[in-house]
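Chemist: Build the 3D model from these lines:
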Amino acid sequence: MDMKQSILGLYYEDFIVGEEIKHSLSKTIFESDNNFFSLLTMNHHPVHTNLDYAQENQHGKILVVGTLVFSLVVGMTVPDVSGKAIANLGYEDVKHLNPVFINDTVYAKTKILDKYDSKTKTDRGIVYVETIGYNQDGQDVISFRRKVLIKKQNQG
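Modeler: Reported below is the predicted structural model:
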């Protein structure tokens, strides 16, 4: 018996407008994740890296860098949304809805808003989606929309 190969992403035809995908990937954000991301992206704001400073400010604890949350949630969608993508055409309306803290676990879901054929090439189409990232308590923490250029099935 041969094991079945996993399939990365969906073809353009597989997306159904109005449907929602609950992504299977999730991630608990550890202090080391936040520290590495802060260093890598040169975001040294003390609310992300200095516990004493963070305790004296609005939330009283270290905040996870917002662009780390964004990057993680985008990554969680790859196996379902953009695995067969030719390109991400653009992100829009990124909203940080609630704070994310060290040791929060982030999940994601994506709604298919629209899709349409490419105007210039017949082997692809554009899928317009909205993704929401939420924490372990079901509280939405981030949302964004994007357009993804995706291959059609059985086309060159």
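Chemist: In three-state terms, label residue 131 for me.
Modeler: Following DSSP: H, G, I helix; E, B strand; the rest coil, the label given to residue 131 is strand.
Chemist: Show me the beta-bridge partners of the nearest residue to it once chain neighbours are set aside.
Modeler: Leaving aside its sequence neighbours, residue 131 sits nearest to residue 110 (CB to CB, 6 or more residues apart in numbering; 4.5 Å). Any C-beta I mention is one placed from the backbone N, CA and C, and that applies to glycine too. Counting by DSSP bridges, residue 110 is bridged to residue 21, residue 131.
Chemist: Now do residue 110 against residue 24, distance only.
Modeler: 12 Å (CB to CB, to the nearest Å).
Chemist: From residue 87, how far out is the residue nearest to residue 131?
Modeler: 17 Å.
Chemist: So those two - more neighbours on which side?
Modeler: When residue 110 and residue 87 are compared for neighbours, residue 110 comes out ahead with 23 against 12, by other CB atoms under 10 Å.
Chemist: close enough to count as contact, the more buried one and residue 133?
Modeler: No: in this structure residue 110 lies outside contact range of residue 133 using CB atoms under 8 Å: 10.0 Å.
Chemist: In the chain, where is pLDDT below threshold?
Modeler: 1-6, 155-156 (pLDDT under 70).
Chemist: can you give me the strands in it?
Modeler: With strands called from DSSP state E, the chain shows them at 20-22, 27-28, 85-96, 105-117, 124-135, 140-151.
Chemist: Can you convert those into JSON lines and add a column each for distance to residue 62?
Modeler: What follows is the strands of the chain, written out as JSON lines (distance: least, CB to CB, whole Å):
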{"stretch": "strand 20-22", "distance to residue 62": "29"}
{"stretch": "strand 27-28", "distance to residue 62": "14"}
{"stretch": "strand 85-96", "distance to residue 62": "16"}
{"stretch": "strand 105-117", "distance to residue 62": "15"}
{"stretch": "strand 124-135", "distance to residue 62": "15"}
{"stretch": "strand 140-151", "distance to residue 62": "15"}
